[in-house]
Every structure is written in structure tokens, then in C-alpha cells.
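J.: Pasting the sequence and the predicted coordinates here, then a few questions.
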There are 2 protein chains.
Amino acid sequence: MSLLVVGSVAFDAIESPYGKVDRIIGGAATYFAVAASFFTHVNLVGIVGDDFSEEDEAIFRGRKIDTLGLERTAGKCFFWAGKYSQHLNERETLVTELNVFADFNPKLPEKFRQSSHVFLANIAPGLQTGVLKQVTRRPKLVALDTMNYWIERTPADLRETLKHVDVLMINDSETRQLSNEHNLLLAARHIFKLGPQTLVVKRGEHGAMMVDKRGVFCVPAFPLEEPHDPTGAGDSFAGGFMGYLAGCRSSSDAALRRAMVYGSVLGSFAVEEFGPERLRKLKRSEINARARHFLKLTQFKL
Amino acid sequence: MSLLVVGSVAFDAIESPYGKVDRIIGGAATYFAVAASFFTHVNLVGIVGDDFSEEDEAIFRGRKIDTLGLERTAGKCFFWAGKYSQHLNERETLVTELNVFADFNPKLPEKFRQSSHVFLANIAPGLQTGVLKQVTRRPKLVALDTMNYWIERTPADLRETLKHVDVLMINDSETRQLSNEHNLLLAARHIFKLGPQTLVVKRGEHGAMMVDKRGVFCVPAFPLEEPHDPTGAGDSFAGGFMGYLAGCRSSSDAALRRAMVYGSVLGSFAVEEFGPERLRKLKRSEINARARHFLKLTQFKL
């Protein structure tokens, strides 16, 4: 089994009440790949500029991440600068420079075309469809993230892409915007008609909810006393979720529930330090311990 | 075991996108007592005016609710009128008439003074302390609800009352206001110093969280496609929680977790129809079925 991810590799400048960094590696595909690599082999497709050094690329080395699909081109990496509010529940985007990402046209290396699992991180729906066309065998599972920008600007493209997606992983406001339903169960029912048969709603400090035809599964966010930086939490969640599913070779209800938990585990670690710093130091034993902690957090007997 | 509740018995006028009622029985003690009576014997202390008819009182009859402590006096019942926003997540208070409730000075009938469990619904902290002074034996468990009004207006009285409370059951904004901490774990640590050793945070559509020195337990809100009226959900939660604990004669961690689930079950039924209508029709078998549904909603195996 192998897991393909296509998305941004970037530099971020982040300010939160806990500190400030001027340049730290970021991007959806980065967080996703590092998180997923604890569970499975990851095929990374993205684009970086010539400001992306050997030292920067070290984040992917020594992990089960194949960077053959990381295209290098003249110019600068995607750059995002943002500032979080006092309680980290709001963020202001200060700078978005697409740079080399503006011309990103994902090309899958031959050996990536048979990936069993695919995660389409938040990029233009047209590009996401283009990725799926390059996959030669129908993957066992395709998951997709998107955002308000694409929901508003390219709704027809997004609808076309969604037809080929199994799991839609978005946050609550995106869920409501896409479905035009406030109630998340009604929203899920609407989304099932668009293609995805599983909806995973990321709710930040309120955890995550999975809805499919079998029912609903909820997992809380891991309670932390001092989260430092929410950047990348959603992508780390997606990485834990998809990484676990690719690694365990199952899409049973039990496996999907565990994937929700491992997603939450990776998301909770991601926010503990700035950028992907905590994920870089993370050990598999810590993941297992926190997953057991999620049992304590949620389990009861009648 | 018996469970004492002291609080309001009222009439409400409620408007939500699902309809409108001009006069329906309400009040914290009403919702609490009806919810708790599925599990244990309830001793009700409250005050009503002469507009509270035999027919109104029927809500308590045929249940394990002793209304000996329901004082009747000349005047009108507490009256509240409110209107909910489109998605029920905000409400506007249109009218609050304290009426006979303005002079409420709870007096416990002799036979209520040995109640093993006590729930002090949201009334003036001075009155809550007065209730505890009338209890002749230290109850096994005292729980308390309060609101922003008392946190702001009578902080010294509230601090005095809290010294004698085991379980504080409030919503997230009240938790933050009382502790002056945004983070709920830090808030809990602050509250433990004030007296209560267990904090139950009611989070509406995001469920509920219990924090004690042993750790954290989270339960989601039951996903409903069409909640009609959130009035009384928190008090019904409290009734399910305390009713279960009084009925099972245990305060073990396992019992507290189950209490959180039964609280959520009762809260979820309460919002299905206007006022306490759904609770009035509720059967114990439906409670048990929904509790099992909560298992499906949350349980996973690693």
C-alpha cells in the first residue's frame, strides 16, 4: 500500500501569543506527509522554488516519504504569513505569496501512479481532477480537502472533482457553505449526493465528526493546556487519518474509527509547537500512548 | 437515596424557527425534576403563583417527584420569553418577569433534609448556601449551576457557596468567566481551588466535558437533524446526570462517565420538541436505547 499526497510545500511566518517565527517550513502536503509517514509509505507531489534548500528538505529524509514528485523550479516557494488571536481561535492572514505555486501543475512520477490511497490537499479542484486522471488504477480510497475560495470561485470544477472522491475532509464552516445546510447531518446527506460517501468534519477545539451511511462517529479534540500554533493541525489530522488507513489495509468501520483517532492524535501533537517542529521530534511510541489516552477520554460502559 | 433540587418553576414563551408557544411550563427545577425522575426519587423545592393550576402540576404527577416543597403563594409564576435564532445557536430574551420568584426563600420540608444528593439550580448563591444549611446530613454529592449574572454581581456569595459544592455544572462561557481562563483545563484547575473537585462543562451542540483530578471525559452532543427548542437542555442534562448518580448509589469514575452519557441523553431528548413536551412523553426504554446509541457514536478499539 502507498499513499499519494498532492499539495503545497511552503514557508510560513507565524505569530501566536506563544511566539513568532519568520520562516518555517509549512504547507498542507508537508504536514500531511510527515504525519502519515508514521504509518505508511508516502508519495509526495508538490512544487518548491530554488529557495528550498537541502536543509529544508531534511524534514522528509529518514522517513517513509518519497520526494521524487517534489518539483523544483526557479523562483520562490509559496509563502504564507499569519497571526493568531489571543486564544488561537481566530487567525488573520497577513501575506499570501503564491510564487512557484501559481504555476503548479502536478505531474505524477510513473511509480506513483498505482498509489492505493490518494489525498488531494487543498488546491484548485481542476488540478485535483488532473491528479486523479494520472492515477492508472482506481485507488482504494480518495480523500479531498478544499476551502471557501474554491467553493465560491470554482463550484462547477469542485462538483466534477467530488464525483471521484470517497472521503471529504473539511471544516464545519466549509461543510455548511458547500451544502447550504447548517445542520451537519443534513449537510452530510447533501454531500453524499455529490459523490463522497464519507464526510469528515474537522471542528478544531471541538474535535472531529465522521458521517457515513452507517452513522456518526465523534472524537473530541485532545485537551491541551497550552497549544502553541494551530497551523497545519487539519493537514496533520488528514495525514494521521489517511496514513493509518493506508497502513492497516482496511476501510472497515472499525478501521475508519481508529483513523479518526490517529488523525486527532497527529493533529493534537501538531499544535503543541510552532510549525511542524513537534511532528519532527515525534516518536511512534508517543502516538500509541496518546491514542490510548483518547480511549480514556471517551470510553464508558453502560 | 433521594435527590433534592431547588430552583425555578416557571412559564415560558418560546419562539424558534420551528414554531411558537405563548405559555408552556418551564423553569430549571421543572426540567431537572422530570429528567431525574426516570432514575431516582426527586424532592422538588420551588415557588409558584396562583396561576399555577392543577393541570400545570400534572407534569410532576405519576413520577417519582415529591412536590411537598413546591410553595404556593399569591401572585404570578416566574415568566420568561425568548426567541431563538435561525440555527438555534443564539437566543434573545424578550421578557423576564420574576414575579413570585423575586421573594423565593427556599424552605426544605423536614423529610427533604436528609437527601443524599443535592442539585442547586441557577438561583442567587446566597439562597443556594441557605439550602445547604438546611440539609442536616452532609449529602453524598452536591452539584451547582450558576450564570453570568451571579458571577458578576455576587462573586463573594458565589465563592462562599462553591466551598460546599462537589460538582460545578456550567457552560463554557460561564467557565471562562468564573475562572478568568480561556483554556478549559486551566479553568478547571482554577475551579478546583474554589471547592468543586469536578467540573462539568456544558457545550451545547459540542457536547459536554467533565474534568476532575483523574482526568478528562468528553461526550458529544447527540446528532439531531431537527432540534426544535434548546430551552431546558442544560437542566435536563443536569437532571439525567444527577438522577443517574443518585439512582446508582455510586460516584466512581465509571458511574460519573455513565452520568455524563445519561445527562446527554436527557438533554438530547429535551430539545426535540418545545418546552418539556418530549420529556413528558419519554419512556425509560427510549433512554436506554439512546444511551446505547451514544456507545456507537463514540466507541472505538485500538
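T.: Sure thing, it's come through.
J.: From now on I want contacts and neighbour counts done on CA atoms only, so please keep to that.
T.: OK.
J.: Flag the shaky bits of chain A, pLDDT-wise.
T.: For chain A, applying pLDDT under 70 flags no range at all.
J.: rerun at 90
T.: A:1, A:87, A:89, A:249 (pLDDT under 90).
J.: At which residues are the strands of it located?
T.: In chain A, the segments counted as strands under DSSP state E are A:2-6, A:10-16, A:19-26, A:41-48, A:65-72, A:78-84, A:91-97, A:117-120, A:141-144, A:167-171, A:198-202, A:208-212, A:215-219.
J.: so which of those strands comes closest to chain B?
T.: Closest to chain B of the strands of chain A, according to C-alpha to the nearest C-alpha: strand A:215-219, at 4.6 Å.
J.: Give the partner strands of the closest one in its sheet and their orientations.
T.: strand A:208-212 (antiparallel) (DSSP bridges).
J.: who touches the spatially closest residue to A:Val135 that is not a sequence neighbour in this structure?
T.: Spatially, and ignoring its direct neighbours in sequence, A:Val135 is nearest to A:Arg113 (4.5 Å; C-alpha to C-alpha, 6 or more residues apart in numbering or on different chains). Residues near A:Arg113 by C-alpha atoms under 8 Å, 6 or more residues apart in numbering or on different chains: A:134-137.
J.: Return the entry from those with the maximum number of neighbours.
T.: Counting neighbours by other C-alpha atoms under 10 Å in any protein chain shown, A:Val135 leads the contacts of A:Arg113 with 18 neighbours.
J.: That one and A:Gln114 touch, don't they?
T.: Yes. The criterion here is C-alpha atoms under 8 Å, and A:Val135 meets it with A:Gln114 at 6.1 Å.
J.: what's the closest non-adjacent residue to A:Gln215?
T.: Slight slip there: residue A:215 is Gly, not Gln. B:Leu297 (7.8 Å).
J.: Report the inter-axis angle for the longest helix along chain A versus strand A:215-219.
T.: Longest helix in chain A by number of residues (criterion: DSSP state H): helix A:253-270. Relative orientation of helix A:253-270 and strand A:215-219, computed by axes from the mean of the first three to the mean of the last three C-alpha atoms, to 10 degrees: 30 degrees.
J.: other SSEs contacting helix A:253-270?
T.: strand A:208-212, strand A:215-219, helix A:233-248, helix A:277-281, helix A:284-298 (3 or more C-alpha pairs under 8 Å, 6 or more residues apart in numbering or on different chains; DSSP states H and E).
J.: how far away is the closest residue to A:Gln299 other than its chain neighbours from A:His206?
T.: The shortest distance from A:Gln299 to any non-neighbouring residue, by C-alpha to C-alpha, 6+ apart, is to B:Gln299 (6.3 Å). Applying C-alpha to C-alpha, to the nearest Å, the value for B:Gln299 to A:His206 is 17 Å.
J.: what does A:Met260 give?
T.: Distance, A:Met260 to A:His206, using C-alpha to C-alpha: 13 Å.
J.: between the two, who's got more neighbours?
T.: More neighbours surround A:Met260 than the other of A:Met260 and A:His206, with 28 against 18 (other C-alpha under 10 Å).
J.: one step back: I figured the residue nearest to A:Gly215 hits A:Arg214, correct?
T.: No. Contact criterion C-alpha under 8 Å: B:Leu297 and A:Arg214 do not qualify, at 10.7 Å.
J.: Look at the two and report which has more neighbours.
T.: The neighbour comparison of B:Leu297 against A:Arg214 (other C-alpha under 10 Å) goes to B:Leu297, with 22 against 8.
J.: Up against chain B, what does the stretch 201-302 of chain A have?
T.: Within the stretch 201-302 of chain A, the positions near chain B by C-alpha under 8 Å from any C-alpha of the partner chain are A:206, A:215-220, A:223-226, A:254, A:257-258, A:291-292, A:295-302.
J.: Now that A:Ala10 has come up, it's in contact with A:Tyr31, right?
T.: No. With contacts counted by C-alpha under 8 Å, A:Ala10 stays clear of A:Tyr31, the gap being 10.3 Å.
J.: Touching both of the two, which residues are there?
T.: Counting by C-alpha under 8 Å, 6+ apart, A:Ala10 and A:Tyr31 have no common neighbour.
J.: For A:Ser2, list each beta-bridge partner.
T.: A:His41.
J.: burial of it, as a residue count?
T.: Counted with other C-alpha under 10 Å, A:Ser2 comes out at 20.
J.: Show me what stretch A:56-71 is in contact with.
T.: For stretch A:56-71, using C-alpha under 8 Å, 6+ apart, the contacting residues are A:25, A:33-34, A:37-38, A:40-48, A:107-109, A:280.
J.: Make a PyMOL selection of whichever of these turn out to be buried.
T.: Buried subset of these, written as a PyMOL selection, criterion 16 or more other C-alpha atoms under 10 Å in any protein chain shown:
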select buried, chain A and resi 25+33+34+37+38+40+41+42+43+44+45+46+47+48+107+108
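J.: Just give the closest residue to the residue nearest the centre of chain A, not the sequence neighbours.
T.: Geometric centre of chain A, nearest residue: A:Asp235, 2.5 Å, by C-alpha atoms, centre = their mean. In space, A:Asp235 comes closest to A:Phe32 once its chain neighbours are excluded; the distance is 5.1 Å by C-alpha to C-alpha, 6+ apart.
J.: give me every residue that touches that neighbour.
T.: A:Phe32 neighbours (C-alpha under 8 Å, 6+ apart): A:5, A:235-240.
J.: roughly how far apart are it and chain B?
T.: 22 Å (C-alpha to the nearest C-alpha, to the nearest Å).
J.: which residues touch the residue lying closest to A:Pro196 once chain neighbours are set aside?
T.: If the residues on either side of it in the chain are set aside, A:Pro196 comes closest to A:Asp166, at 4.4 Å by C-alpha to C-alpha, 6+ apart. Residues counted as contacts of A:Asp166 (C-alpha under 8 Å, 6+ apart) are A:141-143, A:195-198.
J.: From A:Pro139, how far out is A:Asp166?
T.: Counting by C-alpha to C-alpha - A:Asp166 and A:Pro139 are separated by 10 Å.
J.: List the beta-bridge partners for A:Val48.
T.: Applying DSSP bridges to A:Val48 gives these bridge partners: A:Arg72.
J.: is it true that it touches A:Glu54?
T.: No. Counting by C-alpha under 8 Å, A:Val48 does not reach A:Glu54; the two are 11.7 Å apart.
J.: on that earlier part again, of the contacts of A:Phe32, which pair is most distant in space?
T.: Put simply, by C-alpha to C-alpha the two of the contacts of A:Phe32 set farthest apart are A:Val5 and A:Phe237, 13.5 Å from each other.
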